[in-house]
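**Q** Give me coordinates for this.
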Amino acid sequence: MVRPWRVAIIGGGITGLAAAVRLRDSAPEGTEVTVYEQSGRLGGKLFTGELAGGPVEFGAESFLMRDPAGGESAAVTLARRLGLAEEIVHPTVGQAALLVDGTLHQVPGGTLVGVPGDLEKVAAVAPPAADADRDAGGPLLADGEDTSVGELVRKRLGDAVVDRLVDPMLGGVYAGRADDLSLVTTMPALARAARAEHTLVGAVRAAQAAAPRAPGAPVFGTLAGGLSTLVEAAATASGATIRRGAAVRELRRTPAGWRLTVGPTRDAEHVEVDAVLLAVPARPAARLLAAAAPEAADTVGALDYASVALITLALPGPALPELSGFLVPAGEGLTIKASTFFTTKWGHLRRPDGLALVRASVGRCGDETSLQLTDDDLADAVHRELSAVLGAPLPAPVARHVQRWGGALPQYTPGHTARVAAVRAALRAAHPTLAVAGAGYDGVGIPVCVRSGETAAEEIITALEGSAA
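**A** Modelled structure (predicted):
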């Protein structure tokens, strides 16, 4: 009788759980999957909490409905697989604002993460250079080339477009600077278009045309019961053994597969498995890779991360604009880099008691001084700055919550995608039953993490089928 496969997934965030569901669906019946989560909570950056008696997201807020390459996103497909499709809700207010010279302006339309497809539409908030975007006489990006988003946009459109528009929009997603972030990794559709187009505006329009969406179709979605319901449903549907509070300290190759060392040194447990899927951030992944794949470990461990804090205030009856929130360029000199008006943006969060939930994001890569403040001081600073931006004192919050995410957001420098491809190629060649997945490799956002976990699970299945042949 053939022994069932034993697969260890290290990391119980949405990447690891999506991988576990895919193994349940696609691996042979009887496959034994165990998810090891160091903390006591599954979900990673998906964390639905409670504030002032109501639900609120303390981590990721929503997911893209469509894949940039076309079709529904992996997050939507997973929700459908888990029976949660009817729980998907969309923003009731979608218009965001940009703080420029102390005043809120609507974010211009027709941009791709701030990179304009129409220079006239952005001129009021981010005037392009006088000679902006002249025909380059050839493609903007050579095959195999990568550059930072900021470098390309500055060269084509000037500083104002980067500093006032692209940087705050990218910063709201990555907590990084446009001048440091890889075009290929953070904006792959634009990078593909730039390999053919001679102007940046043309590349933006080509990227948008490659993944059209129906007029009025929602861009974002979330779950009415909170994103933790996605986590819980995935854990249940996977049928995996879930081990919370189980730190995997070491990973060693054996003739038959892999040996995991789990738990404290004085009471360590050794577990033998056939395959391992690492779905943890880059630095813990590097520590586990060190013995079996030292070169891959060095590359993975070099990835930098930014820390952020999310401060949520429950405010009694404030006068908020009819906006989903606003973004703040670094040059405005505020602690806040972005704010979301939760109960304005999401109709399902509106409360009969009139309390408004407002969240602010703090922390930029390379400038994390504000994160040294105490929780109380940080919440007070956010309250003051929100009042100043909105032009009137906000009421005192009846409740507030500060969620700190240390080392939360990977900083993808140019060449990141090629480096990750090299790591994966080396692992497939030397250790095909060892895979890596997650935001540290493939990008941020729930759909990307889901797809990353599912792809890694498929690679594990292929490798185990090959070894059994």
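
**Q** What does the closest residue in space to Arg134 that isn't next to it in sequence show for phi and psi?
**A** Closest residue in space to Arg134, ignoring its immediate chain neighbours: Thr199 at 7.6 Å, by Cβ to Cβ, 6 or more residues apart in numbering. For every residue, glycine as well, the C-beta is placed using N, CA and C. The phi/psi pair for Thr199 (degrees, to the nearest 10) reads phi -130, psi 150.

**Q** ok, now Arg164?
**A** Torsion angles, degrees, to the nearest 10, at Arg164: phi -100, psi -20.

**Q** In stretch 121-137, which of the residues would be classed as buried?
**A** Of the residues in stretch 121-137, those buried by neighbour count under the rule 16 or more other Cβ atoms under 10 Å are 122, 125-128, 132-133, 136.

**Q** any idea of the mean pLDDT in that stretch?
**A** Stretch 121-137 shows a mean pLDDT of 93.

**Q** what's it in contact with?
**A** The contact list for stretch 121-137 (Cβ atoms under 8 Å, 6 or more residues apart in numbering) reads 98, 100, 105, 108-111, 116, 119, 156-161, 163-165, 198-201.

**Q** Just the buried ones from the residues you listed?
**A** 98, 100, 108, 110-111, 116, 119, 156-158, 160-161, 163-165, 199-201.

**Q** Next step: the buried residues of stretch 121-137 restricted to helices.
**A** Judged by DSSP state H, helices contain the following of the buried residues of stretch 121-137: Val122.

**Q** mind giving me CSV with the buried residues of stretch 121-137 and columns for distance to Ser73?
**A** Below are these laid out as CSV (distance: Cβ to Cβ, whole Å):
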residue, distance to Ser73
Val122, 27
Val125, 29
Ala126, 29
Pro127, 34
Pro128, 32
Ala132, 33
Asp133, 31
Ala136, 32
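
**Q** Out of the buried residues of stretch 121-137, which is nearest to Leu409?
**A** Distance to Leu409 across those (Cβ to Cβ) is lowest for Ala126, with 23.8 Å.

**Q** Pull out the buried positions in stretch 393-405.
**A** Buried positions in stretch 393-405, judged by neighbour count with 16+ other Cβ under 10 Å: 394, 397, 399-403, 405.

**Q** and that stretch, what's its mean pLDDT?
**A** In this model, stretch 393-405 carries a mean pLDDT of 97.

**Q** just to revisit the earlier point, sitting in strands, which of the contacts of stretch 121-137 do you find?
**A** Using DSSP state E, the subset of the contacts of stretch 121-137 located in strands is 98, 100, 105, 111, 116.

**Q** Which single one of those is nearest to Thr374?
**A** Of the ones in strands among the contacts of stretch 121-137, the one sitting nearest to Thr374 (Cβ to Cβ) turns out to be Leu98, at 29.6 Å.

**Q** Hmm, the closest one is touching Gly114, no?
**A** No: between Leu98 and Gly114 there is no contact under Cβ atoms under 8 Å: 9.0 Å.

**Q** anything in contact with each of those two?
**A** Shared contacts of Leu98 and Gly114, counting by Cβ under 8 Å, 6+ apart, come down to 165, 168.

**Q** who's in contact with the closest residue to Tyr412 other than its chain neighbours?
**A** In space, and not counting its chain neighbours, Tyr412 is closest to Thr185: 4.0 Å by Cβ to Cβ, 6+ apart. Applying Cβ under 8 Å, 6+ apart, we find Thr185 in contact with 146, 412, 416-417, 443.

**Q** Sticking with Thr185, tell me its helix or strand.
**A** Element membership of Thr185, judged by DSSP states H and E, is helix 183-186.

**Q** quick one: contacts of the helix or strand just after that helix?
**A** Note on helix 183-186: by DSSP H and E, the next helix or strand toward the C-terminus is helix 188-194. With contact meaning Cβ under 8 Å, 6+ apart, helix 188-194 is reached by 68-69, 112, 115, 139-141, 146, 152, 183-184, 200, 202-204, 206-207, 210-211, 417.

**Q** burial measure for Asp67, as a count.
**A** Per other Cβ atoms under 10 Å, the neighbour tally for Asp67 reads 17.

**Q** residues contacting it?
**A** For Asp67, the contacting residues are 73-74, 211, 447, by Cβ under 8 Å, 6+ apart.

**Q** Recalculate using a threshold of 10 Å.
**A** By Cβ atoms under 10 Å, 6 or more residues apart in numbering, the contact set of Asp67 is 73-77, 211, 447-448, 451.

**Q** out of these, which are buried?
**A** Buried members of the contacts of Asp67, scored by 16+ other Cβ under 10 Å, are 73-77, 447-448, 451.

**Q** which one of those sits closest to Gly438?
**A** Using Cβ to Cβ, those come closest to Gly438 at Val448, 9.1 Å.

**Q** how far away is Leu141 from Val184?
**A** Note on Leu141: its distance to Val184, by Cβ to Cβ, to the nearest Å, is 9 Å.
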